[in-house]
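A.B. asks: for reference, the sequence and a predicted model appear below.
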Amino acid sequence: MTSTTSAAGAAGAAGAGHDPARLVSTYRSVLTWLGLGTALGAVAELAMLRHWQGPGQIVPWALLAVLLAAAVAWLVRRRTWTARAARAAGALAVLGSGYGLYEHLKGNLADGALDPRYAEVWASMSAPARWWAAGTGAVGESPLLAPGMIGLAGALLWLATLRWRRGAG
């Protein structure tokens with residue numbers, strides 16, 4: 001490599017590293033792909049758990065369908081309407097995730113006294129110890145991973161579209 005080629009390559013690399021619009025656009029794409037991957041992980045988790053046994057168990061599937069559709073639309077065409085749709089879907093997923101976490105934790109707490117390992121000591125356990133047992137899956141059948149993943153996917157998609165304006169990258 002000649003010194004002229006080396007100098008031109010270094011100048012190009014330095015210039016590419018200082019292009020804020022390009023960097024922000026790259027971050028938006030990375031956040032969107034991370035959100036998509038997280039949402040697909042939640043789909044796999046729900047499928048493995050056969051999470052479709054009643055109307056309440058269909059809610060996360062609907063949230064994920066909306067979230068995935070909005071993320072794909074945002075990736076395919078960055079427009080004002082796709083950014084708004086992605087932000088709304090992300091916010092909806094975060095809210096739905098919060099509700100799912102609450103319902104799962106509530107169900108696990110209710111199952112604590114019925115669990116053979118904890119039946120005799122559940123009433124004497126401190127509130128933090130009960131919450132820990134319910135949150136970590138020591139009692140109950142409702143895992144917190146899937147609703148947490150939906151919330152994370154929504155937050156990533158929301159962040160990917162945050163303060164996006166047409167023509168701004």
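C.D. replies: The structure has been received and is ready for your questions. Model, not experiment: these values are computed from the prediction.
A.B. asks: so who does Ser97 touch?
C.D. replies: Ser97 makes contact with Leu63, Pro147, Gly148, Ile150, Gly151, Leu152, Gly154, according to Cβ atoms under 8 Å, 6 or more residues apart in numbering. Where C-beta positions appear, they are placed from N, C-alpha and C, glycine not excepted.
A.B. asks: apart from its neighbours in sequence, what residue is nearest it?
C.D. replies: Counting by Cβ to Cβ, 6 or more residues apart in numbering, Ser97 lies nearest to Gly151, which is 2.9 Å off, once chain neighbours are set aside.
A.B. asks: return the distance of the one you found relative to Leu64.
C.D. replies: With the distance defined as Cβ to Cβ, to the nearest Å, Gly151 ends up 12 Å from Leu64.
A.B. asks: likewise for Val30?
C.D. replies: In terms of Cβ to Cβ, Val30 sits 20 Å off from Leu64.
A.B. asks: just Val72 next, same as before
C.D. replies: In this view, Val72 and Leu64 are 12 Å apart by Cβ to Cβ.
A.B. asks: the more surrounded of those two?
C.D. replies: The neighbour comparison of Val72 against Leu64 (other Cβ atoms under 10 Å) goes to Leu64, with 23 against 14.
A.B. asks: show me what the host helix or strand of that one is packed up against.
C.D. replies: Secondary-structure assignment from DSSP states H and E places Leu64 in helix 59-76. Using 3 or more Cβ pairs under 8 Å, 6 or more residues apart in numbering; DSSP states H and E as the contact criterion, the neighbours of helix 59-76 among helices and strands are helix 20-48, helix 80-111, helix 145-161.
A.B. asks: state the mean pLDDT of stretch 142-159.
C.D. replies: Across stretch 142-159, pLDDT averages out at 93.
A.B. asks: distance from the chain centre to it, please.
C.D. replies: Its chain's C-alpha centre and that of stretch 142-159 lie 3 Å apart, by Cα atoms, centre = their mean, to the nearest Å.
A.B. asks: for that stretch, buried residues please.
C.D. replies: 142, 144, 146-159 (16 or more other Cβ atoms under 10 Å).
A.B. asks: between these, which is closest to Thr26?
C.D. replies: Distances from Thr26 to the buried residues of stretch 142-159, taken as Cβ to Cβ, are shortest for Leu159 (13.7 Å).
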